[in-house]
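Asker: Need the 3D shape of this:
(2 chains)
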Protein chains: 2
Amino acid sequence: MSNLIDIPAVAGFLKNCEDAYILIHINPDGDCIGSGYSLQAVLKLLGKRSKVICADPIPERFHFLLPEEPEEDFPAKYIISVDCADETRFGELEETYAGKVQLCVDHHISNRYYAENLYVEPDASSACEVLYKIYRELGVKFTPQIAKCLYTGMATDTGCFKFSCTGADTHLFVSELMREFPEIRYDLINRAMFDVKSPSRIRAEMIMLSQMEYHLDGKCTLIWETKAICEENHINPKDTEGLTSLPLQPDGVEVGITLREQDDDWYRISLRSTDRVNVSEICERFGGGGHVRAAGCKLQGKPEQIREILLNAVAEALAS
Amino acid sequence: MSNLIDIPAVAGFLKNCEDAYILIHINPDGDCIGSGYSLQAVLKLLGKRSKVICADPIPERFHFLLPEEPEEDFPAKYIISVDCADETRFGELEETYAGKVQLCVDHHISNRYYAENLYVEPDASSACEVLYKIYRELGVKFTPQIAKCLYTGMATDTGCFKFSCTGADTHLFVSELMREFPEIRYDLINRAMFDVKSPSRIRAEMIMLSQMEYHLDGKCTLIWETKAICEENHINPKDTEGLTSLPLQPDGVEVGITLREQDDDWYRISLRSTDRVNVSEICERFGGGGHVRAAGCKLQGKPEQIREILLNAVAEALAS
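Answerer: Next up, the predicted model:
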């Protein structure tokens, strides 16, 4: 059980943490990368050495957020995690760091209270939105890199300010970043994050859309990304991250499910909800979690079994 | 030539205008509809009667912005236009109202100064962003309907805060609206505006993407929406508004062109630019106009002629 601390206490912690490792989650996205690297930059402004560690490599399209100087190597005195709801999110670094995190800053309602000290805001759009307030408390002067990190985190976790997690604070903080750094090309960040698609991604979208299944009177849609579909159509599974919003396109859909085939009949499953259904609750029943309108879990089995299990859970949620 | 007035003068005008007709443009979009109906609601708060007039019907997905009471009928004492860069944008109402507009509020750099009094902010994201400031100057207390109108206008004209026209003010004003009206489901507005697609629209996207042409070393993409393609694939041309961002998806594209076939070999053409090219300049050469990164024009001719004319213009712009 974590010690729940407030923003001034987080700021106090950061002022005193020498040689920190900042853990971000596997399959790193704009929010955890923006969180990790902005925190590293802020700690540097405070005269502290730190480095971001991740079990997976940082995808190339996020490399513009990385510091220019190469990272120093040093042993960790402090372990911080950002945007990680539980320790399984550390991937293969779990073994090394489980039970050792001294500070976690997060925005997931499903946070498992694994860190010694925790600051979590389930209503915040993103970990970057939470960190924005912490950095303001610290009174550091933002650099363009910090601004780009924070912007990217808030933009990506909100689907470019589209989702229900977007709040008055999200827009206010972005407004302040834009006022302070008008020269940053936010539109080009957005283009890279949301619009640019590889030919393989464009093919993937066309195929997934054409094979989308409609269930429960059109209230639940389902798309499969099987190994066979990917091979047949020369689709690189790396190009299909974020396809999870695709099944929400048809009018009337309440829950959209994306299933990505892994090894040994395992499936990585993403659930998205447009309005009424709490998909985090559904995913928690299967050992996963996330947010009310965007959550995920893993299931092993035959496609027809998994489909039935999920549709039953969604039907139940729709009926209640 | 217009009398260029400032925000207090616009506010003064509105305080004194009885029985106004508010003209919005043909093919009405979220910004002109949000502008028109928010202005009507604000004038009502000032005790003034007004009505929104448009040559085309308001599409159903914008009906949530309309006032609940039926519109009164009365003769116009004042004519106002919002979000209309020139009088041809009135469509078949041009004949009746050309030369008669006493106040125009706009954000198009291509505004033709046709109104007696003009307030134009080419740097504003949307006419709704401009009107937001005017309403604050008037000091009226916003209603939820006004907030929804202003939000929808700013969100739709910026592609949900994605495009370069999005500014610090855009985010600030949205933040203020969200703070004042937290109960409004902005996420559902966004879903209706950006995500929900009819089956015909989903088919249209798949077909346009699969038939996209790559020109000028992949720097210019082109999609055709011909009558034949629409008929063959049961695509309703009403469902293809906004497809104009589709050709910008491939990495490396600088200009994306969408051509929609009209009657008698006429084509409605939309140009979108990712960065360097000013497409408003290109479209102005063909009698059209718009914004630096989003503009349109009409051309008549055979497809191969039109393609050549446009590609030459884009190649020239890329070279300069």
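
Asker: residues of stretch A:302-320 that come out buried?
Answerer: A:306-307, A:310-311, A:313-315, A:317 (16 or more other C-beta atoms under 10 Å in any protein chain shown). From N, CA and C alone the C-beta is placed, and that goes for glycine too.

Asker: Tell me which two of the residues you listed sit farthest apart.
Answerer: A:Ile306 and A:Ala317 (16.6 Å; C-beta to C-beta).

Asker: What is the neighbour count of the nearest residue to A:Ala98 once chain neighbours are set aside?
Answerer: Nearest residue to A:Ala98, sequence neighbours excluded (C-beta to C-beta, 6 or more residues apart in numbering or on different chains): A:Glu87, at 4.5 Å. A:Glu87 has 21 neighbours, counted by other C-beta atoms under 10 Å in any protein chain shown.

Asker: contacting residues around A:Ile229?
Answerer: By C-beta atoms under 8 Å, 6 or more residues apart in numbering or on different chains, the contact set of A:Ile229 is A:207, A:211, A:235.

Asker: Could you list which of these belong to strands?
Answerer: In strands, judged by DSSP state E, none of these are found.

Asker: Return the members of those residues classed as buried.
Answerer: Among the contacts of A:Ile229, those classed as buried by neighbour count (16+ other C-beta under 10 Å) are A:207, A:235.

Asker: So which of the contacts of A:Ile229 are in helices?
Answerer: The members of the contacts of A:Ile229 that map onto helices under DSSP state H are A:Ile207.

Asker: Considering only the contacts of A:Ile229, which also neighbour chain B?
Answerer: Among the contacts of A:Ile229, no residue is within reach of chain B (C-beta under 8 Å from any C-beta of the partner chain).

Asker: Using CSV, lay out the contacts of A:Ile229 together with distance to A:Leu131.
Answerer: Below are the contacts of A:Ile229 laid out as CSV (distance: C-beta to C-beta, whole Å):
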residue, distance to A:Leu131
A:Ile207, 38
A:Gln211, 40
A:Ile235, 35
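
Asker: for the contacts of A:Ile229, which one is nearest chain B?
Answerer: Using C-beta to the nearest C-beta, A:Ile207 is the member of those that lies nearest chain B, at 9.0 Å.

Asker: That closest one against A:Ile235, yeah?
Answerer: Yes: between A:Ile207 and A:Ile235 there is a contact under C-beta atoms under 8 Å: 7.3 Å.

Asker: ok, A:Arg203 touching A:His234?
Answerer: Yes: assessed by C-beta under 8 Å, A:Arg203 is found in contact with A:His234 at 7.1 Å.

Asker: So for the two, which sits in the more crowded spot?
Answerer: Neighbour count, other C-beta under 10 Å: between A:Arg203 and A:His234, A:Arg203 has more, with 19 against 10.

Asker: For the more buried one, give me its contacts.
Answerer: Taking C-beta under 8 Å, 6+ apart, one finds A:233-235 in contact with A:Arg203.

Asker: how close does it get to B:Lys197?
Answerer: According to C-beta to C-beta, to the nearest Å, A:Arg203 stands 19 Å off from B:Lys197.

Asker: same check, this time on A:His108
Answerer: Note on A:His108: its distance to B:Lys197, by C-beta to C-beta, is 30 Å.

Asker: Kindly report the same for A:Phe161.
Answerer: A:Phe161 sits 20 Å away from B:Lys197, going by C-beta to C-beta.

Asker: ok, now A:Glu129?
Answerer: In this structure, A:Glu129 and B:Lys197 are 29 Å apart, going by C-beta to C-beta.

Asker: okay, the two: which has more neighbours?
Answerer: Neighbour totals were compared for A:Glu129 and B:Lys197, and A:Glu129 leads with 27 against 18 (other C-beta under 10 Å).

Asker: what is the mean pLDDT for the host helix or strand of the more buried one?
Answerer: Per DSSP states H and E, A:Glu129 falls inside helix A:127-138. Here helix A:127-138 scores 98 as its mean pLDDT.

Asker: what sits up against that helix?
Answerer: Helix A:127-138 is contacted by residues A:7-8, A:10-11, A:14-15, A:31-32, A:34-35, A:38-39, A:42, A:46, A:82-83, A:105-107, A:119-121, A:124, A:142, A:146, A:149-154, A:157, A:167, A:169-170, A:173 when judged by C-beta under 8 Å, 6+ apart.

Asker: Among the residues you listed, name the ones in helices.
Answerer: Filtering the contacts of helix A:127-138 for helices - DSSP H - leaves A:7-8, A:10-11, A:14-15, A:31-32, A:34-35, A:38-39, A:42, A:146, A:149-154, A:157, A:169-170, A:173.

Asker: so which of the residues you listed are also by chain B?
Answerer: Near chain B, by the rule C-beta under 8 Å from any C-beta, you find A:169-170 out of these.

Asker: Buried subset of the ones in helices among the contacts of helix A:127-138, written for PyMOL?
Answerer: Burial among those is assessed by 16+ other C-beta under 10 Å; the matching PyMOL selection reads:
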select buried, chain A and resi 7+10+11+14+31+32+34+35+38+39+42+146+149+150+151+152+153+154+157+169+170+173
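
Asker: and the residue in the stretch 1-150 of chain A positioned nearest to chain B, how many residues sit next to it?
Answerer: Relative to chain B, the nearest point of the stretch 1-150 of chain A is A:Arg61 (9.6 Å; C-beta to the nearest C-beta). Close neighbours of A:Arg61, defined as other C-beta under 10 Å, add up to 13.

Asker: for chain B, what are the nearby residues on the stretch 51-200 of chain A?
Answerer: Close to chain B, as judged by C-beta under 8 Å from any C-beta, the stretch 51-200 of chain A has residues A:159-164, A:166-172, A:174-176, A:178-179, A:182, A:185-188, A:190-191, A:194-199.

Asker: give the contact list for the nearest residue to A:Ile189 once chain neighbours are set aside.
Answerer: Distances taken as C-beta to C-beta, 6+ apart put A:Thr152 closest to A:Ile189, at 5.9 Å, once the chain neighbours are dropped. Under the criterion of C-beta under 8 Å, 6+ apart, the neighbours of A:Thr152 are A:30-31, A:33-34, A:62, A:65, A:128, A:189, A:193.

Asker: ok, which stretches of chain A are strands?
Answerer: With DSSP E as the criterion, chain A has strands spanning A:3-4, A:20-23, A:50-53, A:78-82, A:103-106, A:117-120, A:213-215, A:220-225, A:255-261, A:266-273, A:289-290, A:294-300.
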